[in-house]
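# the following block contains a protein sequence and its predicted model.
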Amino acid sequence: MDKVIIVLGHKNDNQGHLSPLSIARCELALELFKSQQNSRLICTGGFGANFNQTAIAHADINQQYLINNGIKAAHFLPNALSRFTIEDATLTYPILKQLNVPQVDIISSGFHISRVQLIFDRVMPSIIKNYLSAPSPISSQALHRLEKHEVFAKKRDLATLTKKANEC
């Protein structure tokens, strides 16, 4: 195993169709995997009112998309059934630690990558991380809304991570 590629989830609809942002992240993972075929993958995303109300975990839907597009099932590590970005990190870290993985590629969208970096750097400081931004094939208005949310969410998550660190 060369390294692990972590594909962060986004959304799917009630029929299990991935959002354009989820597809863009998966497409970047497919492109990256072509040049790193000894890598393993972890998909993130469980269930939640805002991103997946189906009976199938979002990570499983992403994984199936990747399998349907040429990655063999044997290349996947267990999915992280997370509900939010902090859980993406806290649920993938034990998998990486158990396998003694020294380096990961983490895929998200450009508007989200700053918060992802903040969280993953705090949760798994000993692992070398490469952050990759997938395109955001959405309207400029939708992108602006997501960027505004990220400003709020980054402050909230920093406070949460700081509080957890102080409790330890």
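Cool, got the structure.
# where do the strands of the protein begin and end?
4-7, 40-43, 103-109, 128-134 (DSSP state E).
# hey, which of those strands is tucked in deepest?
strand 4-7 (a mean of 27; mean count of other CB atoms under 10 Å). C-beta: built from backbone N, CA, C; applies to glycine.
# and the pLDDT for N166?
For N166, the pLDDT comes out at 87.
# who's in contact with S19?
Shown in contact with S19 (CB atoms under 8 Å, 6 or more residues apart in numbering): 10-13.
# dump the strands of the chain into a markdown table; add mean pLDDT and distance to E147 as well.
As requested, the strands of the chain are arranged in a markdown table below (pLDDT from 0 to 100; distance: least, CB to CB, whole Å):
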| stretch | mean pLDDT | distance to E147 |
| --- | --- | --- |
| strand 4-7 | 98 | 21 |
| strand 40-43 | 98 | 24 |
| strand 103-109 | 98 | 10 |
| strand 128-134 | 98 | 13 |
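# list buried residues within the contacts of S19.
10-12 (16 or more other CB atoms under 10 Å).
# filter those down to just the ones in helices.
Applying DSSP state H to the buried ones among the contacts of S19, no entry is found in helices.
# reformat the strands of the chain as JSON lines; add distance to I119.
Putting those into JSON lines (distance: least, CB to CB, whole Å) gives the following:
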{"stretch": "strand 4-7", "distance to I119": "12"}
{"stretch": "strand 40-43", "distance to I119": "15"}
{"stretch": "strand 103-109", "distance to I119": "10"}
{"stretch": "strand 128-134", "distance to I119": "11"}
